[in-house]
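K.L.:
the sequence and its predicted three-dimensional model are supplied below.
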Amino acid sequence: MVNQNTPREIDLNRLKEIVSSYEEQRWSLIPLVQAIQEEFGFIPPPAVPVIAGRLKIFPSEVQGVVSFYTQLYTEPRGKNIVRVCRGTACHVRGGKTILKLVKRQLELEENETSEDLEYTLETVACLGVCALSPTMVINNRVYGHMNPKRVKEIFKQKEAQP
Ligand code: FES
């Protein structure tokens, strides 16, 4: 599910303003794409030719960098990033079921963002807190010893928040 009508549309003037504040040098590429992501939350496709024009490089080079770094996003992301662990420790303690339930609860598949931009669902190889398995993280908060009841409670609480 990709969001078709919300903040994919970006303020092009703001984009141009950011781009023109960087030197016309190839080495500006990484800091520039980072600045754009910081502003918009992702690298909008119309940014690619604008960046390339400013730095006098091919759009394919810009695209190459944007797709190379996993920390750079080409789609808008949710306000809440949910990461469910699929590492071995979590897997043997029911992580697969937790993932299934989170998917159902959010009506999202992995790497999808909800239409309202509330949630993005991702999985990770290990969250580094195996003793708490099965685990998940919402933004920076770790949720350990997950079970079906907790999945429901956590998302119910989140929905109740203003
Ligand atoms: S395997 Fe899930 S936290 Fe390490």
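P.N.:
Received it, and whenever you're ready, just let me know what you need.

K.L.:
could you pull out the helices for the protein?
P.N.:
Here the chain has its helices, by DSSP state H, at 12-20, 29-40, 47-55, 59-68, 88-92, 95-106, 148-160.

K.L.:
so which of these gets nearest Cys130?
P.N.:
Smallest distance to Cys130 across the helices of the chain (C-beta to C-beta): 3.8 Å, for helix 88-92. (Glycine included, C-beta is placed from N, CA and C.)

K.L.:
on that earlier part again, quick one: closest of the helices of the chain to the ligand.
P.N.:
Counting by C-beta to the nearest ligand atom, the ligand lies closest to helix 88-92 out of the helices of the chain; the figure is 3.4 Å.

K.L.:
with only the CA atoms kept, save the closest one in CSV.
P.N.:
Listed next in CSV are the C-alpha coordinates belonging to helix 88-92 (Å, rounded to 0.1, in the frame of the first residue of the first chain):
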residue,chain,number,x,y,z
THR,A,88,16.4,-16.5,15.4
ALA,A,89,15.8,-15.9,19.1
CYS,A,90,12.6,-14.2,18.4
HIS,A,91,11.6,-16.7,15.7
VAL,A,92,11.8,-19.7,18.1
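
K.L.:
does it come close to the ligand?
P.N.:
Yes: contact between helix 88-92 and the ligand, assessed by C-beta under 6 Å from any ligand atom, occurs at 88-90.

K.L.:
still on that earlier bit, looking at the helices of the chain, which has the lowest confidence?
P.N.:
Of all the helices of the chain, the minimum mean pLDDT falls on helix 148-160 (a mean of 87).

K.L.:
can you name every helix or strand that that one contacts?
P.N.:
Counting contacts by 3 or more C-beta pairs under 8 Å, 6 or more residues apart in numbering; DSSP states H and E, helix 148-160 packs against helix 95-106.

K.L.:
so Val66 sits right up against Ser60, yeah?
P.N.:
No: using C-beta atoms under 8 Å, Val66 is not in contact with Ser60, being 10.6 Å away.

K.L.:
looking at the two, which one has more neighbours?
P.N.:
Taking neighbours as other C-beta atoms under 10 Å, Val66 and Ser60 compare with Val66 leading, 21 against 10.

K.L.:
who's in contact with that one?
P.N.:
33, 43, 48, 72, 74 (C-beta atoms under 8 Å, 6 or more residues apart in numbering).
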